[in-house]
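Enquirer: Sharing a model that was predicted from the sequence below.
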Amino acid sequence: MRATVAAAAESVGDLSRVRRPIEHAWHAPGTIYHSPELYRLEIERYFRTDWLFVGRVEELSQPGDFLTMRIAGEPIVVAHDKDGNLNAFYNMCVHRGVEVAYGCGNAKSFKCPYHGWVYDLAGNLTGAAYMKESPGFEIGAERMRPLRLGVWRKNIFVTFNDQAPPLETFIAEWEKDFGFLGWERCRLGNKIELEFACNWKFVHENLMDFYHVGVLHAKTFGSKFSWTDNGILLKEGGGLSIFYNAAPPTPGGEPLLGKMPWMEDRPHSFACTGYLPPNLTMFGRIDCVRPMVTWPLSEGRSRTVIYHLFPEEFFARPDFEEKLKIYREYQILVLEEDRTMIESMQQAMGSPTYKPGRMSVLEKPLHHFLNGHLDRLFGRNDRQEAAE
(Lines give C-alpha, C1' and ligand atoms only; values in the text may rest on other atoms or scores of the structure.)
Protein backbone atom coordinates (compact mmCIF):
# COMPACT_ATOMS: atom_id res chain seq x y z
CA MET A 1 0.00 0.00 0.00
CA ARG A 2 2.85 2.43 0.73
CA ALA A 3 4.04 2.08 -2.83
CA THR A 4 0.53 2.85 -4.03
CA VAL A 5 0.34 5.98 -1.86
CA ALA A 6 3.75 7.14 -3.05
CA ALA A 7 2.84 6.56 -6.69
CA ALA A 8 -0.47 8.41 -6.27
CA ALA A 9 1.20 11.34 -4.50
CA GLU A 10 3.81 11.59 -7.23
CA SER A 11 1.16 11.45 -9.95
CA VAL A 12 -0.86 14.39 -8.58
CA GLY A 13 2.09 16.62 -7.73
CA ASP A 14 1.95 19.73 -5.54
CA LEU A 15 -1.31 20.11 -3.61
CA SER A 16 -0.23 22.90 -1.31
CA ARG A 17 -2.45 25.52 -2.94
CA VAL A 18 -5.53 23.31 -2.56
CA ARG A 19 -4.70 22.86 1.13
CA ARG A 20 -4.75 26.58 1.98
CA PRO A 21 -7.75 28.21 3.72
CA ILE A 22 -10.47 28.86 1.16
CA GLU A 23 -9.77 32.59 0.86
CA HIS A 24 -6.34 31.72 -0.51
CA ALA A 25 -7.05 28.31 -2.08
CA TRP A 26 -6.91 27.07 -5.65
CA HIS A 27 -8.79 24.24 -7.31
CA ALA A 28 -7.11 20.85 -7.59
CA PRO A 29 -4.72 19.94 -10.39
CA GLY A 30 -6.19 17.94 -13.25
CA THR A 31 -4.40 14.74 -12.25
CA ILE A 32 -6.71 14.46 -9.22
CA TYR A 33 -9.41 13.54 -11.72
CA HIS A 34 -7.56 11.38 -14.23
CA SER A 35 -4.57 9.77 -12.49
CA PRO A 36 -4.80 5.94 -12.60
CA GLU A 37 -2.62 5.73 -9.48
CA LEU A 38 -4.91 8.05 -7.53
CA TYR A 39 -7.97 6.17 -8.75
CA ARG A 40 -6.57 2.88 -7.45
CA LEU A 41 -5.83 4.51 -4.10
CA GLU A 42 -9.39 5.88 -3.90
CA ILE A 43 -10.80 2.42 -4.49
CA GLU A 44 -8.68 0.97 -1.69
CA ARG A 45 -9.06 3.76 0.86
CA TYR A 46 -12.69 4.60 0.23
CA PHE A 47 -14.71 2.00 -1.63
CA ARG A 48 -13.13 -1.07 -0.04
CA THR A 49 -13.11 0.55 3.40
CA ASP A 50 -16.34 2.48 4.10
CA TRP A 51 -20.01 1.55 4.31
CA LEU A 52 -21.70 2.01 0.92
CA PHE A 53 -25.34 2.71 0.12
CA VAL A 54 -26.62 0.05 -2.31
CA GLY A 55 -30.41 0.32 -2.28
CA ARG A 56 -33.72 0.37 -0.45
CA VAL A 57 -35.40 -2.47 1.42
CA GLU A 58 -38.54 -2.10 -0.71
CA GLU A 59 -36.47 -3.16 -3.72
CA LEU A 60 -36.09 -6.52 -1.96
CA SER A 61 -39.44 -6.79 -0.21
CA GLN A 62 -40.27 -10.44 -0.99
CA PRO A 63 -38.36 -13.67 -0.27
CA GLY A 64 -36.31 -14.45 -3.34
CA ASP A 65 -35.88 -10.82 -4.41
CA PHE A 66 -32.32 -9.99 -5.36
CA LEU A 67 -30.21 -7.34 -7.05
CA THR A 68 -26.70 -7.44 -8.42
CA MET A 69 -24.18 -4.70 -9.02
CA ARG A 70 -20.49 -3.99 -9.41
CA ILE A 71 -18.79 -1.84 -6.84
CA ALA A 72 -15.33 -0.65 -7.86
CA GLY A 73 -15.03 -3.69 -10.09
CA GLU A 74 -16.29 -6.23 -7.53
CA PRO A 75 -19.51 -8.12 -8.38
CA ILE A 76 -21.95 -8.44 -5.47
CA VAL A 77 -25.41 -9.85 -4.79
CA VAL A 78 -27.92 -8.58 -2.23
CA ALA A 79 -30.77 -11.03 -1.64
CA HIS A 80 -33.83 -11.54 0.58
CA ASP A 81 -33.83 -15.16 1.78
CA LYS A 82 -36.78 -17.40 2.73
CA ASP A 83 -36.31 -16.58 6.43
CA GLY A 84 -36.75 -12.85 5.80
CA ASN A 85 -33.07 -11.92 6.11
CA LEU A 86 -31.15 -9.64 3.77
CA ASN A 87 -27.77 -11.03 2.73
CA ALA A 88 -24.89 -9.62 0.73
CA PHE A 89 -22.06 -11.62 -0.80
CA TYR A 90 -19.57 -11.60 -3.65
CA ASN A 91 -21.20 -12.71 -6.88
CA MET A 92 -18.53 -15.33 -7.59
CA CYS A 93 -18.99 -19.07 -7.83
CA VAL A 94 -16.56 -20.73 -5.43
CA HIS A 95 -15.57 -23.11 -8.22
CA ARG A 96 -14.20 -20.79 -10.94
CA GLY A 97 -15.39 -17.31 -9.96
CA VAL A 98 -18.19 -17.00 -12.53
CA GLU A 99 -21.07 -14.66 -11.64
CA VAL A 100 -24.11 -16.72 -10.65
CA ALA A 101 -26.74 -13.95 -10.79
CA TYR A 102 -27.41 -11.12 -13.21
CA GLY A 103 -29.56 -8.02 -13.07
CA CYS A 104 -32.35 -8.13 -10.53
CA GLY A 105 -35.49 -10.18 -9.97
CA ASN A 106 -36.83 -13.03 -7.88
CA ALA A 107 -35.26 -16.46 -7.60
CA LYS A 108 -35.44 -19.58 -5.41
CA SER A 109 -31.71 -20.14 -5.80
CA PHE A 110 -28.71 -19.14 -7.91
CA LYS A 111 -27.15 -21.52 -10.43
CA CYS A 112 -23.73 -20.99 -11.93
CA PRO A 113 -24.20 -20.93 -15.73
CA TYR A 114 -20.78 -22.54 -16.30
CA HIS A 115 -20.78 -25.82 -14.34
CA GLY A 116 -24.16 -25.74 -12.65
CA TRP A 117 -23.18 -25.30 -9.01
CA VAL A 118 -26.22 -24.14 -7.01
CA TYR A 119 -26.43 -21.64 -4.13
CA ASP A 120 -29.19 -20.58 -1.78
CA LEU A 121 -30.21 -16.97 -1.18
CA ALA A 122 -27.61 -16.57 1.57
CA GLY A 123 -24.81 -17.64 -0.78
CA ASN A 124 -24.41 -21.17 0.64
CA LEU A 125 -23.50 -23.92 -1.80
CA THR A 126 -26.33 -26.49 -1.99
CA GLY A 127 -25.44 -28.48 -5.08
CA ALA A 128 -22.29 -29.35 -7.04
CA ALA A 129 -22.58 -32.05 -9.67
CA TYR A 130 -19.90 -34.77 -9.76
CA MET A 131 -18.08 -33.41 -6.72
CA LYS A 132 -18.81 -36.48 -4.58
CA GLU A 133 -15.85 -38.08 -6.33
CA SER A 134 -13.52 -35.43 -4.89
CA PRO A 135 -12.30 -36.66 -1.47
CA GLY A 136 -12.62 -34.12 1.32
CA PHE A 137 -14.97 -31.82 -0.60
CA GLU A 138 -17.96 -30.84 1.55
CA ILE A 139 -20.81 -28.94 -0.01
CA GLY A 140 -21.98 -27.65 3.36
CA ALA A 141 -18.63 -26.03 4.04
CA GLU A 142 -18.63 -23.92 0.87
CA ARG A 143 -20.29 -20.54 0.25
CA MET A 144 -19.77 -17.40 -1.70
CA ARG A 145 -17.83 -14.93 0.42
CA PRO A 146 -20.24 -12.85 2.54
CA LEU A 147 -20.21 -9.08 2.96
CA ARG A 148 -21.32 -7.16 6.02
CA LEU A 149 -24.76 -5.65 5.52
CA GLY A 150 -26.64 -3.12 7.60
CA VAL A 151 -29.92 -1.22 7.32
CA TRP A 152 -30.52 2.37 8.43
CA ARG A 153 -34.08 3.69 8.09
CA LYS A 154 -34.79 1.22 5.24
CA ASN A 155 -31.58 2.12 3.41
CA ILE A 156 -29.27 -0.82 2.72
CA PHE A 157 -25.52 -0.45 3.20
CA VAL A 158 -22.72 -2.95 2.66
CA THR A 159 -19.00 -2.88 3.33
CA PHE A 160 -16.06 -4.94 2.11
CA ASN A 161 -14.20 -4.08 5.31
CA ASP A 162 -14.50 -6.59 8.16
CA GLN A 163 -12.91 -4.01 10.48
CA ALA A 164 -15.26 -1.15 9.63
CA PRO A 165 -17.10 0.36 12.63
CA PRO A 166 -20.77 -0.60 13.06
CA LEU A 167 -23.12 1.06 10.59
CA GLU A 168 -24.78 2.89 13.49
CA THR A 169 -21.46 4.59 14.25
CA PHE A 170 -20.72 5.38 10.62
CA ILE A 171 -24.16 6.91 10.07
CA ALA A 172 -24.44 8.75 13.41
CA GLU A 173 -23.94 12.27 12.04
CA TRP A 174 -26.49 11.70 9.29
CA GLU A 175 -28.96 10.33 11.81
CA LYS A 176 -28.52 13.48 13.89
CA ASP A 177 -28.86 15.88 10.95
CA PHE A 178 -31.26 14.09 8.61
CA GLY A 179 -33.15 11.40 10.51
CA PHE A 180 -36.14 13.76 10.81
CA LEU A 181 -36.75 13.50 7.04
CA GLY A 182 -38.63 10.25 7.65
CA TRP A 183 -36.71 7.96 5.30
CA GLU A 184 -38.28 4.86 6.86
CA ARG A 185 -41.79 6.21 6.22
CA CYS A 186 -41.06 6.62 2.51
CA ARG A 187 -41.03 4.28 -0.47
CA LEU A 188 -39.07 4.31 -3.68
CA GLY A 189 -41.00 6.13 -6.40
CA ASN A 190 -38.39 6.72 -9.10
CA LYS A 191 -35.00 5.18 -9.67
CA ILE A 192 -32.90 6.86 -12.35
CA GLU A 193 -29.51 5.63 -13.58
CA LEU A 194 -27.23 7.83 -15.68
CA GLU A 195 -23.65 7.45 -16.85
CA PHE A 196 -21.31 10.42 -17.14
CA ALA A 197 -18.02 10.73 -18.99
CA CYS A 198 -16.32 12.22 -15.94
CA ASN A 199 -14.56 11.29 -12.74
CA TRP A 200 -16.92 10.33 -9.91
CA LYS A 201 -15.76 13.27 -7.77
CA PHE A 202 -17.01 15.80 -10.31
CA VAL A 203 -20.57 14.54 -9.84
CA HIS A 204 -20.47 15.17 -6.08
CA GLU A 205 -18.66 18.47 -6.46
CA ASN A 206 -21.34 19.62 -8.88
CA LEU A 207 -24.14 18.60 -6.51
CA MET A 208 -22.66 20.68 -3.68
CA ASP A 209 -21.55 23.58 -5.91
CA PHE A 210 -24.17 26.22 -5.19
CA TYR A 211 -21.97 28.82 -6.95
CA HIS A 212 -23.20 27.63 -10.37
CA VAL A 213 -26.90 27.31 -9.58
CA GLY A 214 -27.91 30.86 -10.46
CA VAL A 215 -26.06 30.64 -13.79
CA LEU A 216 -26.47 27.17 -15.24
CA HIS A 217 -29.88 26.48 -13.70
CA ALA A 218 -31.35 29.97 -14.07
CA LYS A 219 -34.24 28.64 -16.19
CA THR A 220 -35.05 25.67 -13.97
CA PHE A 221 -34.66 26.04 -10.21
CA GLY A 222 -31.92 28.66 -9.83
CA SER A 223 -34.24 31.61 -9.26
CA LYS A 224 -35.81 29.95 -6.21
CA PHE A 225 -32.59 29.09 -4.44
CA SER A 226 -30.72 30.90 -1.66
CA TRP A 227 -28.17 30.00 0.99
CA THR A 228 -25.64 31.41 3.43
CA ASP A 229 -22.47 30.14 5.04
CA ASN A 230 -24.37 29.80 8.33
CA GLY A 231 -26.24 26.81 6.94
CA ILE A 232 -23.12 24.82 6.06
CA LEU A 233 -22.01 22.28 8.66
CA LEU A 234 -18.57 20.79 7.95
CA LYS A 235 -18.12 17.18 9.01
CA GLU A 236 -15.08 15.04 9.63
CA GLY A 237 -13.59 13.42 6.54
CA GLY A 238 -15.10 15.87 4.08
CA GLY A 239 -18.75 15.21 4.91
CA LEU A 240 -21.29 18.03 4.77
CA SER A 241 -24.74 18.98 6.02
CA ILE A 242 -26.22 22.06 4.36
CA PHE A 243 -29.52 23.80 5.13
CA TYR A 244 -30.88 26.48 2.80
CA ASN A 245 -33.94 27.64 0.83
CA ALA A 246 -35.06 26.08 -2.44
CA ALA A 247 -38.26 25.14 -4.21
CA PRO A 248 -39.51 21.55 -4.46
CA PRO A 249 -37.99 19.71 -7.46
CA THR A 250 -40.82 20.34 -9.96
CA PRO A 251 -41.13 22.62 -13.02
CA GLY A 252 -43.28 25.13 -11.14
CA GLY A 253 -41.45 24.83 -7.84
CA GLU A 254 -44.58 23.48 -6.11
CA PRO A 255 -44.99 20.24 -4.13
CA LEU A 256 -47.27 18.44 -6.60
CA LEU A 257 -48.25 15.84 -4.01
CA GLY A 258 -48.26 18.18 -1.03
CA LYS A 259 -45.92 18.19 1.92
CA MET A 260 -44.65 15.05 3.56
CA PRO A 261 -47.06 14.67 6.53
CA TRP A 262 -44.29 14.96 9.13
CA MET A 263 -42.98 18.13 7.46
CA GLU A 264 -46.18 20.16 7.68
CA ASP A 265 -44.59 22.69 10.03
CA ARG A 266 -41.80 23.45 7.55
CA PRO A 267 -42.03 26.18 4.86
CA HIS A 268 -42.30 25.25 1.18
CA SER A 269 -38.77 26.60 0.73
CA PHE A 270 -37.20 24.12 3.19
CA ALA A 271 -34.17 22.41 1.65
CA CYS A 272 -31.14 20.47 2.78
CA THR A 273 -28.23 18.63 1.23
CA GLY A 274 -25.91 16.08 2.78
CA TYR A 275 -22.72 14.47 1.58
CA LEU A 276 -21.67 11.21 3.22
CA PRO A 277 -18.26 10.01 2.04
CA PRO A 278 -17.39 8.37 -0.12
CA ASN A 279 -20.23 8.57 -2.66
CA LEU A 280 -23.65 9.47 -1.25
CA THR A 281 -25.24 12.89 -1.73
CA MET A 282 -28.77 13.54 -0.48
CA PHE A 283 -31.32 16.27 -1.18
CA GLY A 284 -34.19 16.78 1.24
CA ARG A 285 -37.21 18.84 0.29
CA ILE A 286 -40.63 19.46 1.73
CA ASP A 287 -42.16 16.73 -0.43
CA CYS A 288 -39.48 14.07 -1.00
CA VAL A 289 -36.00 12.78 -0.23
CA ARG A 290 -33.48 12.11 -3.02
CA PRO A 291 -30.37 10.07 -2.25
CA MET A 292 -27.88 10.08 -5.14
CA VAL A 293 -25.06 7.55 -5.30
CA THR A 294 -22.18 7.81 -7.75
CA TRP A 295 -20.11 4.75 -8.59
CA PRO A 296 -16.66 5.07 -10.20
CA LEU A 297 -16.31 3.04 -13.39
CA SER A 298 -12.83 4.31 -14.29
CA GLU A 299 -10.80 7.47 -13.84
CA GLY A 300 -12.97 9.22 -16.40
CA ARG A 301 -16.37 7.51 -16.20
CA SER A 302 -19.00 7.15 -13.50
CA ARG A 303 -22.57 5.98 -12.95
CA THR A 304 -25.06 7.90 -10.83
CA VAL A 305 -28.18 6.33 -9.32
CA ILE A 306 -30.94 8.66 -8.07
CA TYR A 307 -33.56 7.34 -5.65
CA HIS A 308 -36.76 9.41 -5.39
CA LEU A 309 -38.41 8.66 -2.04
CA PHE A 310 -41.99 9.69 -1.28
CA PRO A 311 -44.25 9.08 1.74
CA GLU A 312 -46.11 5.78 1.74
CA GLU A 313 -49.41 7.69 1.81
CA PHE A 314 -48.76 9.32 -1.56
CA PHE A 315 -48.73 6.00 -3.42
CA ALA A 316 -52.49 5.47 -2.97
CA ARG A 317 -53.42 8.68 -4.78
CA PRO A 318 -55.07 8.22 -8.19
CA ASP A 319 -52.78 10.78 -9.83
CA PHE A 320 -49.58 9.51 -8.22
CA GLU A 321 -48.08 7.87 -11.32
CA GLU A 322 -48.78 10.96 -13.40
CA LYS A 323 -47.12 13.24 -10.85
CA LEU A 324 -44.25 10.80 -10.39
CA LYS A 325 -43.45 11.07 -14.09
CA ILE A 326 -43.19 14.86 -13.75
CA TYR A 327 -40.72 14.54 -10.87
CA ARG A 328 -38.67 12.06 -12.88
CA GLU A 329 -38.53 14.12 -16.05
CA TYR A 330 -37.64 17.27 -14.14
CA GLN A 331 -34.81 15.52 -12.30
CA ILE A 332 -33.37 14.27 -15.58
CA LEU A 333 -33.71 17.75 -17.11
CA VAL A 334 -31.66 19.32 -14.30
CA LEU A 335 -28.96 16.65 -14.40
CA GLU A 336 -28.68 16.94 -18.16
CA GLU A 337 -28.03 20.66 -17.69
CA ASP A 338 -25.07 19.63 -15.52
CA ARG A 339 -23.81 16.91 -17.87
CA THR A 340 -22.15 19.20 -20.42
CA MET A 341 -20.33 21.10 -17.69
CA ILE A 342 -18.90 18.18 -15.74
CA GLU A 343 -17.95 16.26 -18.87
CA SER A 344 -16.28 19.40 -20.26
CA MET A 345 -14.28 19.75 -17.03
CA GLN A 346 -13.17 16.13 -17.33
CA GLN A 347 -11.81 16.76 -20.81
CA ALA A 348 -9.86 19.74 -19.53
CA MET A 349 -8.26 17.73 -16.73
CA GLY A 350 -6.14 15.74 -19.17
CA SER A 351 -4.94 18.76 -21.12
CA PRO A 352 -1.36 19.96 -20.53
CA THR A 353 -2.65 23.52 -20.92
CA TYR A 354 -5.10 23.25 -18.01
CA LYS A 355 -4.11 25.26 -14.94
CA PRO A 356 -6.46 25.24 -11.92
CA GLY A 357 -7.93 28.60 -10.95
CA ARG A 358 -8.58 30.29 -7.63
CA MET A 359 -11.52 29.17 -5.54
CA SER A 360 -14.37 31.51 -4.72
CA VAL A 361 -15.49 31.84 -1.10
CA LEU A 362 -18.84 30.56 -2.44
CA GLU A 363 -17.13 27.19 -3.02
CA LYS A 364 -16.75 26.39 0.66
CA PRO A 365 -18.42 22.94 0.33
CA LEU A 366 -16.08 21.96 -2.54
CA HIS A 367 -13.04 23.14 -0.61
CA HIS A 368 -14.05 21.03 2.38
CA PHE A 369 -14.89 18.02 0.19
CA LEU A 370 -11.53 18.12 -1.60
CA ASN A 371 -9.47 18.59 1.53
CA GLY A 372 -11.32 15.87 3.41
CA HIS A 373 -10.69 13.60 0.45
CA LEU A 374 -6.99 14.42 0.39
CA ASP A 375 -6.77 13.87 4.17
CA ARG A 376 -8.06 10.34 3.69
CA LEU A 377 -5.63 9.60 0.89
CA PHE A 378 -2.45 11.31 2.05
CA GLY A 379 -2.90 12.47 5.65
CA ARG A 380 -3.25 15.98 7.06
CA ASN A 381 0.38 17.14 7.32
CA ASP A 382 0.43 19.06 4.06
CA ARG A 383 -2.81 20.83 5.02
CA GLN A 384 -1.17 22.09 8.20
CA GLU A 385 1.94 23.16 6.31
CA ALA A 386 -0.17 25.07 3.76
CA ALA A 387 -2.04 26.86 6.55
CA GLU A 388 1.24 28.01 8.05
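Expert: Yes, it's here. Keep in mind that what you see is a predicted model, and the values were worked out from it rather than measured. Numbers count the residues shown, from 1 in each chain.

Enquirer: show me where pLDDT drops low in the stretch 251-388 of the chain?
Expert: 381-388 (pLDDT under 70).

Enquirer: if you go through it in chain order, where are the helices?
Expert: When secondary structure is read from DSSP state H, counting those that start in this stretch, the stretch 251-388 of the chain shows helices at 320-349, 364-378, 381-387.

Enquirer: which residue is nearest the middle of the chain?
Expert: Centroid-nearest residue in the chain: residue 293, 2.5 Å away (criterion: C-alpha atoms, centre = their mean).

Enquirer: give the contact list for that one.
Expert: For residue 293, the contacting residues are 52, 53, 54, 279, 280, 281, 304, 305, 307, taking C-beta atoms under 8 Å, 6 or more residues apart in numbering as the criterion. All C-beta spots, glycine's among them, are computed from the backbone N, C-alpha and C.

Enquirer: On the three-state scheme, the closest residue to residue 129 other than its chain neighbours is what?
Expert: Spatial nearest neighbour of residue 129, excluding adjacent residues (C-beta to C-beta, 6 or more residues apart in numbering): residue 116 at 5.5 Å. Judged by DSSP: H, G, I helix; E, B strand; the rest coil, the three-state class of residue 116 is coil.

Enquirer: and residue 67, bridged to which residues?
Expert: residue 78, residue 104 (DSSP bridges).

Enquirer: hang on, it packs against residue 57?
Expert: No: under the criterion of C-beta atoms under 8 Å, residue 67 is not in contact with residue 57, lying 11.4 Å apart.

Enquirer: out of the helices of the stretch 251-388 of the chain, which comes closest to residue 312?
Expert: Checking the helices of the stretch 251-388 of the chain against residue 312 by C-beta to C-beta gives helix 320-349 as the closest, at 11.2 Å.

Enquirer: now for that closest one, which elements pack on it?
Expert: helix 31-34, strand 186-196, helix 200-208, helix 213-216, strand 301-311 (3 or more C-beta pairs under 8 Å, 6 or more residues apart in numbering; DSSP states H and E).

Enquirer: Neighbouring strands - and their directions - for the second one?
Expert: If I follow you right, that is strand 186-196. Neighbouring strands of strand 186-196 in its sheet, by DSSP bridges, are strand 301-311 (antiparallel).

Enquirer: got the buried residues for the partner strand?
Expert: Neighbour counts over strand 301-311 (16 or more other C-beta atoms under 10 Å) mark 301, 302, 303, 304, 305, 306, 307, 308, 309, 310, 311 as buried.

Enquirer: can you redo those residues as TSV with distance to residue 102?
Expert: Formatted as TSV, the buried residues of strand 301-311 follow (distance: C-beta to C-beta, whole Å):
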residue	distance to residue 102
301	21
302	22
303	17
304	21
305	18
306	23
307	22
308	25
309	26
310	29
311	33
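
Enquirer: quick one: which of these is nearest residue 46?
Expert: When the buried residues of strand 301-311 are compared for distance to residue 46 (C-beta to C-beta), residue 302 wins out at 13.3 Å.

Enquirer: That closest one and residue 349, how far apart?
Expert: Applying C-beta to C-beta, to the nearest Å, one obtains 13 Å for the distance of residue 302 from residue 349.

Enquirer: Tell me which residues touch the nearest residue to residue 260 once chain neighbours are set aside, please.
Expert: Of all residues not flanking residue 260 in the chain, residue 311 sits nearest, at 5.0 Å (C-beta to C-beta, 6+ apart). Remark: with contacts taken as C-beta under 8 Å, 6+ apart, residue 311 is in contact with 182, 185, 186, 187, 260, 261.

Enquirer: Go through these and name the one nearest residue 97.
Expert: Out of the contacts of residue 311, the one with the shortest distance to residue 97 is residue 187. That distance is 36.0 Å, counting by C-beta to C-beta.

Enquirer: The closest one is in contact with residue 320, isn't it?
Expert: No: if you go by C-beta under 8 Å, residue 187 and residue 320 don't touch, sitting 10.7 Å apart.

Enquirer: tell me the strands in the stretch 151-300 of the chain, going along the chain?
Expert: Taking DSSP state E, counting those that start in this stretch as the criterion, the stretch 151-300 of the chain carries its strands at 155-159, 186-196, 225-226, 232-234, 240-246, 270-276, 280-285, 289-298.

Enquirer: again with the stretch 1-150 of the chain
Expert: Across the stretch 1-150 of the chain, reading from the start of the chain, the strands by DSSP E, counting those that start in this stretch fall at 52-56, 65-71, 74-80, 86-90, 104-106, 110-111, 118-119, 125-127, 146-152.

Enquirer: Would you point out the most distant pair within the contacts of residue 293?
Expert: Farthest pair in those, by C-beta to C-beta: 54 and 281, 15.2 Å.

Enquirer: Okay, and the beta partners of residue 241?
Expert: residue 233, residue 274.

Enquirer: quick one on the thing from earlier: what two of the contacts of residue 311 have the greatest distance between them?
Expert: Maximum pairwise distance in the contacts of residue 311, criterion C-beta to C-beta, is 13.7 Å, between 187 and 261.

Enquirer: Among the two, which residue is more densely surrounded?
Expert: Between residue 187 and residue 261, counted using other C-beta atoms under 10 Å, residue 187 has the larger neighbour count: 17 against 12.

Enquirer: separation between that one and residue 315?
Expert: Here residue 187 is placed at a distance of 6 Å from residue 315 (C-beta to C-beta).

Enquirer: Over to residue 32?
Expert: With distances defined as C-beta to C-beta, the gap from residue 32 to residue 315 amounts to 42 Å.

Enquirer: Mark out where each domain of the chain begins and ends.
Expert: Following the assignment in automatic domain parsing, the chain carries domains at 2-50+171-387, 54-164.

Enquirer: Pull the contacting residues for residue 165.
Expert: For residue 165, the set of contacting residues under the criterion of C-beta under 8 Å, 6+ apart is empty.

Enquirer: contacts for stretch 46-57?
Expert: For stretch 46-57, using C-beta under 8 Å, 6+ apart, the contacting residues are 67, 69, 71-72, 76, 78, 86, 88, 150-151, 154-161, 164, 167, 170-171, 187-188, 276-280, 291, 293, 296, 307, 309, 376.
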